[in-house]
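1. please work out how this folds:
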Amino acid sequence: MSYRVIDVAGDIGLRAEGRTLQECFVNAGLGLYSLITDLNQIKQKQQIEIEIAEESIEILLVSYLNELIFQFDAYGFIGNAIDLTIERNTLKALVYGETFDPKKHERRLLIKAATYHNLIIKQENTHWIAEIIFDI
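-> Next comes the predicted model:
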């Protein structure tokens, strides 16, 4: 997994990397989940499907992460593995995990939303980099 927290005043940021755009998106999703709880405590008991089409890769990244946040907020679903493809600004993903249980899962941050503030997604040499800030 290639993601790390970046220092942002008042909110939380994440830098995700990958050899491909898909791997970068997967790492961004896993990084988001790691801000919410310990990924090692999540069992892969269920899966959800996500399909999103947007006009640009930047909007696609924010929409994807906000969909993961929505699934957590609305249904309690938290994942620790993601299979994802991106073709022509359409993302399809299978996310594996379970329902969050506060008796079992450590509660870290309450993430409200992925934002466009200082959003970066770019290809640099042989890998992709995404930097995103989340409202907490």
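
2. in the protein, where's the longest helix?
-> The residue-count maximum for a helix in the chain (DSSP state H) belongs to helix 57-75.

3. pLDDT on that one, on average?
-> Taken as a whole, helix 57-75 has an average pLDDT of 98.

4. what comes up buried for that helix?
-> 57-58, 60-69, 71-72 (16 or more other CB atoms under 10 Å). For the C-beta atoms, the positions are set from N, CA and C on the backbone; glycine is no exception.

5. can you pull up the most central residue in the chain?
-> Centre of the chain computed as the mean C-alpha position; nearest residue by CA atoms, centre = their mean is G29, 2.0 Å away.

6. quick check: closest non-adjacent residue to that one.
-> Distances taken as CB to CB, 6 or more residues apart in numbering place I82 nearest to G29, at 5.0 Å, with adjacent residues excluded.
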